[in-house]
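Chemist: sequence and predicted structure, then a few things I'm wondering about:
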Amino acid sequence: MTTQTKTSLVLSGLDGSNPLAFLAALGTARVLSMVYSVESIRLGWQLAAGTWRPVISFADLTSVGDDRVNGDSKFDEFELEPATLCETMADWLSSPPQLSLLESQDLGDNLTISPEAFRTLASEQLDRACEGDASSNIALAFLAAFGTDAVHQPHSKDRSLMQDTALRTMSGAGHQHFIKFMREIIANTTSTHLYSSLFQRWTYEDDGRGMNLRWDPIDDRRYALRWKNPSSDPPTTMRGANRLAIEALPLFPTAPIGNSLQTTGFRSANGTFFCWPIWDSELTLPVVQFLLQRTQSETGDNASAERRAFGICAKYRSQRITIGKFRNFTPGTSV
């Protein structure tokens with residue numbers, strides 16, 4: 001006989017229509033799935049305060065008669081208090097398994113490396129994974145999300161680069177670096193940053209210089225859209241959301257399609273668009289990843305019926321735009 005106890009937390013600071021917030025929700029579910037177990041963590045969404053908010057559900061399956069210390073379970077209510085949960089995640093996030101990969105000189109500060117160098121880096125991680133190094137499995141998942149050596153991107157007359165993810169928003173211009181900023185965010189994010197991003201209204205009080213990945217539409221700082229001159233107005237961000245969004249990257253692998261690279265969740269037709277689903281069921285992480293890939297491939301007259309069958313109750317789209325030296329994302333719109 002088995003009993004099941006479940007407790008849920010609404011991540012009230014995250015707005016499902018914001019691409020950064022959506023990625024942060026996925027990152028939260030992925031981190032908790034590794035801290036606890038994939039079977040015990042589920043992610044869903046519910047309408048609250050005028051938008052879709054993520055709900056993390058914790059399920060602890062224990063057989064009657066299981067040995068426990070003082071009858072306690074690692075999913076007891078005191079561990080689900082938001083501040084304590086953020087401290088638990090912050091401890092794990094301070095030294096994640098992929099950190100050695102991100103600090104590798106071969107990977108550099110951006111994804112501007114040759115296909116040969118990328119292939120060598122992936123082969124080294126694969127060899128370590130085959131030898132039983134669990135962290136290399138996670139590093140491989142990040143490499144699959146970063147891009148591929150199978151499709152080349154012309155760079156100069158004598159050199160080509162590996163083709164990279166559509167989620168890459170910077171490549172060194174203007175002193176903005178995609179991988180370097182990830183390292184800075186990892187090193188400087190605390191449980192307080194996580195708490196303010198997950199459970200409070202976003203007030204953008206964190207220093208954004210070198211601490212954001214341009215996945216938030218507010219990072220589009222064009223002069224015409226602002227009251228102040230952006231060159232003299234320091235950028236601000238929600239650091240905790242950026243930190244958690246990094247952990248969502250393995251859920252968006254890339255794959256060569258013909259002569260180009262396709263990133264999960266992206267479509268290129270009259271522009272480049274990031275599309276993501278919202279679902280009202282409690283789903284484990286593998287099912288969530290299936291939905292991300294399934295939503296991308298939906299076509300034809302039966303698409304709406306298929307979405308309903310999978311519990312998808314809303315869908316958003318954000319266009320990736322290039323302004324000067326940088327890529328940005330537009331506010332999400334319902335589709």
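Modeler: Now that the structure is in, tell me what you want to look at.

Chemist: when you work out contacts or count neighbours from here on, use the C-alpha atoms and nothing else.
Modeler: Noted.

Chemist: now do the strands in this protein.
Modeler: 2-10, 41-48, 51-63, 147-156, 159-164, 206-207, 236-237, 254-257, 260-263, 266-268, 272-279, 312-323, 326-329, 333-334 (DSSP state E).

Chemist: now tabulate those in a markdown table and tack on mean neighbour count.
Modeler: Rendered in a markdown table, the data for the strands of the chain read as follows (neighbours: other CA atoms under 10 Å):
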| stretch | mean neighbour count |
| --- | --- |
| strand 2-10 | 13 |
| strand 41-48 | 20 |
| strand 51-63 | 20 |
| strand 147-156 | 17 |
| strand 159-164 | 21 |
| strand 206-207 | 14 |
| strand 236-237 | 20 |
| strand 254-257 | 16 |
| strand 260-263 | 19 |
| strand 266-268 | 17 |
| strand 272-279 | 22 |
| strand 312-323 | 18 |
| strand 326-329 | 22 |
| strand 333-334 | 12 |
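
Chemist: of all those strands, which one is nearest residue 285?
Modeler: If you check each of these against residue 285 by CA to CA, strand 41-48 wins as the nearest, at 6.8 Å.

Chemist: what's that closest one packed up against?
Modeler: Counting contacts by 3 or more CA pairs under 8 Å, 6 or more residues apart in numbering; DSSP states H and E, strand 41-48 is packed against helix 19-35, strand 51-63, strand 272-279, helix 285-296.

Chemist: so residue 15 makes contact with residue 50?
Modeler: No - between residue 15 and residue 50 there is no contact, the gap being 9.3 Å when judged by CA atoms under 8 Å.

Chemist: neighbour count winner among those two?
Modeler: More neighbours surround residue 15 than the other of residue 15 and residue 50, with 24 against 7 (other CA atoms under 10 Å).

Chemist: look up phi and psi at that one.
Modeler: Main-chain dihedrals, residue 15, degrees, to the nearest 10: phi -100, psi 120.

Chemist: mind checking pLDDT for it?
Modeler: Residue 15 is assigned a predicted lDDT (pLDDT) of 98.
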